[in-house]
Every structure is written in structure tokens, then in C-alpha cells.
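Asker: Fold the following for me, if possible:
(one chain, ligands or ions: 1)
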Amino acid sequence: MRILLSNDDGIEAAGLRALEEAAAPFGEVFVVAPATEQSAKSHSFTMHEPLRVNAHGHNRWSVTGTPADAVYLALHGILPVRPDLVISGINRGSNLGTDVLYSGTVAAAREAASNDVPAVAVSLHVPDGAEVLHWATAQLAVAQILARYPARPLPLGEVLNVNVPNVPAAEVRGWRTAALARRRYAVMVQEQRDPRGRRYYWIGGPHDRFDGEPDSDGPLCLAGFVTLTPMSLDTTAHASLPAARALGLEDTCFTS
Ligand code: MN
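Answerer: Residues are numbered from 1 along each chain as shown. Here you go, the predicted model:
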């Protein structure tokens, strides 16, 4: 099995090294990752400046762009072969619920899925102030997925999103398949002044709560389960197609 690894924390990230170790026994591993941290860059593509690729030892490359850039270039320019599977991570911090809209980790997997390559995103839930990161727990989750998932992948174009609680492996309560929650963060806008007196801002507050069902991914991961969520590229709200039609616009003459 040929496995492409990427992430959004950058080529030097501890979580990527942990992922490389976990994947190595399962096949030939390639790494194409952003040169620098790209967390919360979502699925952005670099189209107005050049991308540079640098080699970092055997089968390892960095790309001076986003996670989506890295996977796109890996699949269509860097790798000598098409991978059988792409794994993105292990992210430092969970990607639970609506985090997936902002996540570069998930976007790297989504870019692979967009190219019809089976894709998994793996993230370690790191609560604020956590002093120990249990990468080994996430590595065990990766190994369990690699032992089973390639034989029974999701349909092409879908992504498996995995979140691992930050506890020793012996304290994990098990696996749960779960829908995405809605994650709420405290609103934070801090206004500062630069040395020339001009305003600048820092945005983005700490985790507040999860809304949605108690058996959705956020509450379950916080309760100590490894969560598994299948995600589709299709973000259509199919149940609301009738509501959109009920606007009646289809029945109007466009120019009148
Ligand atoms: Mn990240």
C-alpha cells in the first residue's frame, strides 16, 4: 500500500512524525506537507504566487503553500505513483464538528477525496493548558484504521474524520461513529495599536461548548471516545431543496 501523509501544522510538526511512525509498517510512505504552519487555512489554494517544493530526505517534501496545495502538488507533480490512501495529521488539536470548515488538516484530506483518493483526517484533542500530548494514543488509532480501512473504504469523494482524546491509550473508552456537532467558540476581538499608532486586531476565542446531539462527535470525544465521522464533499442541504424552491423564484420571469 502506498500512503501519502500531509498535515497543516507543517513538515516539522511532532504530529506528522508520529503519523509517519504509525504508518510505516503498513506500506510505502510519502510525505508532502506545508513548509510552515497552516492551521485554520481551510481549503485555500495558492494561485497568485509561486509554490516551491523542497526535499527533506527520502520520500519527504515540503511545499511553500497550504495543505490543499501540498496534496494537489503531491498527486499531480511530486509523487512518482498515485497513492492508495491519504492521511492528514496528526493534528495538534481536535477538528470536531464545525471545526472541519476551518481546518487545514481536514482540507488536505478533502483535497485527496476531491481527486478520488481515499482520505482520512486524524486529530488529537488538546484541551487548553494540556501539558502532555498523547501522540501514542493517536498512533494506535491510526494503526487500527490502517489495519481495517483500506479494505473497506468509504465511497470515493468522501473523507473519514477521526478525533482522538488526549489520554493514555488504556483510558480510551472505545470508538464511536458520530455525526458532526456544532462547535461554539467564545467571540474574541482584541484591538491593539501598532508602534505607529494604527489599529490591528487579533480574532478567535477559546472553545465554549458543543451544540447538537449528545451522541455527536464533540461530546463523545470529550467523554473519552475516539470518534469517526464520514464526511461528504456535497454540502447541499438536500432536505431544504423544497424550502428553497418554495421561494417561487423558479416560477418567475427572470427579467420582470
Ligand atoms: Mn493544525
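
Asker: following the helix or strand harbouring Glu111, which helix or strand shows up next?
Answerer: Under the criterion of DSSP states H and E, Glu111 resides in helix 104-114. Next along the chain after helix 104-114, taking DSSP H and E as the criterion, comes strand 119-124.

Asker: what about whatever residue of the stretch 1-150 of the chain ends up closest to the ion, neighbour count?
Answerer: Ranking the residues of the stretch 1-150 of the chain by distance to the ion (CB to the ion) places Ser39 first, at 3.3 Å. No exception for glycine: its C-beta is placed from N, CA and C like everyone else's. The local packing of Ser39 (other CB atoms under 10 Å) involves 20 other residues.

Asker: which ones are touching it?
Answerer: When the contact criterion is CB atoms under 8 Å, 6 or more residues apart in numbering, the partners of Ser39 are 8-9, 91, 93, 103-105.

Asker: Spatially central residue for the chain, please.
Answerer: Within the chain, the residue whose C-alpha comes closest to the C-alpha centroid is Val106; the distance, by CA atoms, centre = their mean, is 2.0 Å.

Asker: isn't that one right next to Asn95, touching?
Answerer: Yes: because the distance of 5.3 Å satisfies CB atoms under 8 Å, Val106 is recorded as touching Asn95.

Asker: Need the residues touching each of those two.
Answerer: Taking CB under 8 Å, 6+ apart as the contact criterion, the residues that touch both Val106 and Asn95 are 121, 161.

Asker: who are the neighbours in contact with Asn95?
Answerer: Taking CB under 8 Å, 6+ apart as the criterion, Asn95 is in contact with 103, 105-106, 121, 123, 161, 163.

Asker: follow-up on the earlier one: so the helix holding Glu111 versus strand 119-124, what angle?
Answerer: Orientation check (axes from the mean of the first three to the mean of the last three CA atoms, to 10 degrees): helix 104-114 against strand 119-124 gives 170 degrees.

Asker: For helix 104-114, name the packing helices and strands.
Answerer: Taking 3 or more CB pairs under 8 Å, 6 or more residues apart in numbering; DSSP states H and E as the contact definition, the neighbouring helices and strands of helix 104-114 are helix 67-73, strand 85-92, strand 119-124, strand 158-164.

Asker: Mind giving me the packing neighbours of the first one?
Answerer: In this case it means helix 67-73. Here helix 67-73 is seen to pack against strand 2-6, strand 28-34, strand 60-63, strand 85-92, helix 104-114 when contacts are counted using 3+ CB pairs under 8 Å, 6+ apart.

Asker: Now mean pLDDT and distance to Gln144 too, for these, in a markdown table please.
Answerer: Shown next, in a markdown table, are the helices and strands packed on helix 67-73 (pLDDT from 0 to 100; distance: least, CB to CB, whole Å):
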| stretch | mean pLDDT | distance to Gln144 |
| --- | --- | --- |
| strand 2-6 | 98 | 15 |
| strand 28-34 | 98 | 17 |
| strand 60-63 | 98 | 25 |
| strand 85-92 | 98 | 13 |
| helix 104-114 | 98 | 17 |
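
Asker: Let me know whether Arg173 touches Thr227 as I believe.
Answerer: No: between Arg173 and Thr227 there is no contact under CB under 8 Å: 11.0 Å.

Asker: of these two, who's got more company?
Answerer: Applying other CB under 10 Å to Arg173 and Thr227 shows that Thr227 carries more neighbours, namely 30 against 12.

Asker: which residues does that one form a beta bridge with?
Answerer: With DSSP bridges applied, Thr227 shows beta-bridge pairing to Asn163, Arg176.

Asker: what's near enough to touch it?
Answerer: Going by CB under 8 Å, 6+ apart, the list of residues near Thr227 reads 96, 162-163, 175-178, 217, 220-221.
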